[in-house]
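**Student:** 3D, please:
(2 chains)
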There are 2 protein chains.
Amino acid sequence: MNLEEFSFIESIRQPSYKQPSLIKGIGDDAAVIRNSSQDLVTAVDTFAEGIHFLPSTMTPFDIGYKALAANISDLAAMGATPAFYLVSIAISKNWTTADVQEIFKGMRAIGNSFNMDLIGGDTISSESLVLSVTVMGYVNKDKARYRNSAKPGDVVFATGTLGDSQAGLHLLFNPEELCADRSYFVKRHQQPSPRVLFAEKLSVLQRVTLNDISDGIASEANEIAEASQVDIHLNYEQLPVHSGMKAFNVELKDKWILSGGEDFELLGTVSPDAWAYVKDSAAATGTEIKEIGSVSQCKDIKPSVRLLKNNNEMILQKSGYNHFK
Amino acid sequence: MNLEEFSFIESIRQPSYKQPSLIKGIGDDAAVIRNSSQDLVTAVDTFAEGIHFLPSTMTPFDIGYKALAANISDLAAMGATPAFYLVSIAISKNWTTADVQEIFKGMRAIGNSFNMDLIGGDTISSESLVLSVTVMGYVNKDKARYRNSAKPGDVVFATGTLGDSQAGLHLLFNPEELCADRSYFVKRHQQPSPRVLFAEKLSVLQRVTLNDISDGIASEANEIAEASQVDIHLNYEQLPVHSGMKAFNVELKDKWILSGGEDFELLGTVSPDAWAYVKDSAAATGTEIKEIGSVSQCKDIKPSVRLLKNNNEMILQKSGYNHFK
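**Tutor:** As a prediction, the model looks like this:
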């Protein structure tokens, strides 16, 4: 792509904005947002060619879609409503202008579905594609959902099904492998669905702990356990798994379910009193949800996650999901 | 650098935060900022190895310092007070952990001088270093300074001196070249000083147009002319130039002064009534300032920038500054 920043920024500039709090969008040195009675939630996430995607696993549209979806998932995990995004894109010569327009089209597709406005951007040339997205959203005062609020006695739950994204990636790498649910798993890898509506619905609750499952449930459960200083008990047999997963061998399946990244589902804990309301909220927003375990006080000095499988309890380590590397 | 994101993020996490509006910093899915009576201003800017810097022109400390300085300059150009930054860094193998710590140290050095908090970050491995910074700041309601507010009759002014950064880069590329002010120019290239205090001081004014000089005055003056639909007249002899600039040949000097990038000074316009206050504000904040021209109605259909040099008027085109490429 022959980069002329000005005309490119003009080409991705929205003709109008959806968020009433936006005073100034793209076109000056910075964007301006009017204060709101709500708290502002913000996060940044970066995606790179060769690390998070290959041209063979994702179309440019998918790259944009998924990069913003991953960021929106962080907002959902805070209980926040998405509002804005800023994009920094470093592009190498082997990507065409049309490719880059498609990346922005992918972001726009999921951004529009959550009424988000693109309010800032920067494009530079580089040796490989690096896409960095900053998102902002709103949450009612003192209703941001942290990892450190889990309490002994809580129900542990997860939305959706686990490991789907890595099953999809596996199928993309093995085009000859037969799988009745191929298109389902591939779509889960390329265009994940952040659980915004469900998390918003929980806003009436005084307390609910949320973490998005971006690096696998083993990692996320450990983050909650550490931050809240509790033990988390997960029942392997209760973990939500898509019926199509039985097509894969047990070893792969287990790895994907426990440590597969990029599902962008939510892992949460809530008091047993509020569990019925959480289930109703899931039903009302078309979100699958399952009780998968419970929270207890720490047995040892350090918090841990314990997985019960075939009546054996094992410590579930924080096995980081490392993308392609 | 062998990347283990979690421990790295922990290592750059601030032990405490300075901004009272921050509710939650690094350590959850996102940061949370309490609403304020002021407007929030936000921008993103990206810096890449080979495009904005070379290991031979900038130390890792300088890279961090300058990346954040450039973003702070965008806030200054909006009249905003810096508050937060989020960093996305893509790192290749030839950078060590110590290098990356130095990059963050450079950001911390200038960030601390403006009481900024680092509230979000993401680190990934990549084929070359790409550093993307998102900044946020505050400005009083309806006091954000836009490019579209220049009016016929306005005084045009610039802070500091122009072309210094490119003179510094030239000296870095030509270590044998004698120059009495070498260290001055090199420092201007490596550690620019965004004009935050001066711009804040102007907050009492009802109207002042500001644009930061990141791509050269020719480009920035054209942006104001276009956005405000006015003509801008600049007097070549009045353009602020450092005394050491006379060491360079006229052709280079002219190019740097008019189209040299990365000075991060401010170009502005203000009504003649307010000019004395602007000068006082500059003096009070130790900022050099010069009147360099005036604003008039458009002579032609399209707005233009006219440069008066040796009693000849020429149209000053938007000669984009293209970094190394």
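**Student:** how about residue A:47, secondary structure?
**Tutor:** On the three-state scheme (DSSP: H, G, I helix; E, B strand; the rest coil), residue A:47 is labelled strand.
**Student:** beta partners for it?
**Tutor:** When bridges are called by DSSP bridges, residue A:47 pairs up with residue A:131.
**Student:** thinking it is in contact with residue A:53, fair?
**Tutor:** Yes. Residue A:47 is within contact range of residue A:53, at 6.7 Å (criterion: C-beta atoms under 8 Å). (C-beta placed from N, C-alpha, C; glycine too.)
**Student:** name the residues contacting each of the two.
**Tutor:** Both residue A:47 and residue A:53 are in contact with A:63, A:66, where contact means C-beta atoms under 8 Å, 6 or more residues apart in numbering or on different chains.
**Student:** between these two, who's got more neighbours?
**Tutor:** Taking other C-beta atoms under 10 Å in any protein chain shown, residue A:47 and residue A:53 do not tie; residue A:47 has more neighbours (27 against 24).
**Student:** tell me the helix or strand right after the worst-scoring helix or strand of chain A on mean pLDDT.
**Tutor:** Of all helical and strand segments in chain A, the minimum by mean pLDDT, DSSP states H and E falls on helix A:5-12, at a mean of 69. Downstream of helix A:5-12, the next assigned helix or strand under DSSP states H and E is strand A:22-24.
**Student:** and that next one, how far out from the chain middle?
**Tutor:** 27 Å (C-alpha atoms, centre = their mean, to the nearest Å).
**Student:** just checking: what are the partner strands of that strand?
**Tutor:** The pairing partners recorded for strand A:22-24 under DSSP bridges are strand A:31-33 (antiparallel).
**Student:** tell me, how many residues neighbour residue A:282?
**Tutor:** 22.
**Student:** excluding chain neighbours, what is closest to it?
**Tutor:** Spatially, and ignoring its direct neighbours in sequence, residue A:282 is nearest to residue A:289 (3.7 Å; C-beta to C-beta, 6 or more residues apart in numbering or on different chains).
**Student:** over to residue A:114?
**Tutor:** In space, residue A:114 is closest to residue A:82, 4.3 Å off (C-beta to C-beta, 6+ apart).
**Student:** what of residue A:65?
**Tutor:** Nearest non-adjacent residue to residue A:65, counting by C-beta to C-beta, 6+ apart: residue A:106, 3.7 Å away.
**Student:** what's next to the host helix or strand of the one you found, contact-wise?
**Tutor:** Taking DSSP H and E as the definition, one finds residue A:106 inside helix A:97-113. Here helix A:97-113 makes contact (C-beta under 8 Å, 6+ apart) with A:1-2, A:8, A:11-12, A:59-69, A:72, A:82, A:85, A:87, A:89, A:91, A:117-118, A:123, A:131, A:133, A:191.
**Student:** same deal with stretch A:181-197?
**Tutor:** Outside stretch A:181-197, the residues touching it (C-beta under 8 Å, 6+ apart) are A:57-59, A:62, A:65-66, A:69-70, A:72-73, A:75-76, A:81-82, A:110, A:114, A:159-160, A:164-169, A:171-172, A:179, A:212, A:242-244, A:247, A:262-266, A:285-287.
**Student:** keeping just the C-alphas, turn stretch A:166-186 into PDB.
**Tutor:** What follows is stretch A:166-186, C-alpha atoms only, in PDB (Å, rounded to 0.1, in the frame of the first residue of the first chain):
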ATOM      1  CA  GLN A 166      -8.700 -23.300  18.400                       C
ATOM      2  CA  ALA A 167     -10.800 -26.100  16.800                       C
ATOM      3  CA  GLY A 168     -11.500 -23.600  14.000                       C
ATOM      4  CA  LEU A 169      -7.800 -22.700  13.600                       C
ATOM      5  CA  HIS A 170      -6.900 -26.400  13.500                       C
ATOM      6  CA  LEU A 171      -9.500 -27.000  10.700                       C
ATOM      7  CA  LEU A 172      -8.100 -24.000   8.800                       C
ATOM      8  CA  PHE A 173      -4.600 -25.500   9.000                       C
ATOM      9  CA  ASN A 174      -6.000 -28.900   8.000                       C
ATOM     10  CA  PRO A 175      -8.400 -28.300   5.100                       C
ATOM     11  CA  GLU A 176      -8.600 -32.000   4.300                       C
ATOM     12  CA  GLU A 177      -9.900 -33.000   7.700                       C
ATOM     13  CA  LEU A 178     -13.500 -33.900   7.600                       C
ATOM     14  CA  CYS A 179     -15.700 -32.100  10.200                       C
ATOM     15  CA  ALA A 180     -19.500 -31.700  10.000                       C
ATOM     16  CA  ASP A 181     -19.200 -28.400  12.000                       C
ATOM     17  CA  ARG A 182     -16.300 -27.000  10.100                       C
ATOM     18  CA  SER A 183     -18.000 -23.700   9.200                       C
ATOM     19  CA  TYR A 184     -19.200 -23.200  12.800                       C
ATOM     20  CA  PHE A 185     -15.700 -23.600  14.300                       C
ATOM     21  CA  VAL A 186     -14.000 -21.500  11.600                       C
END
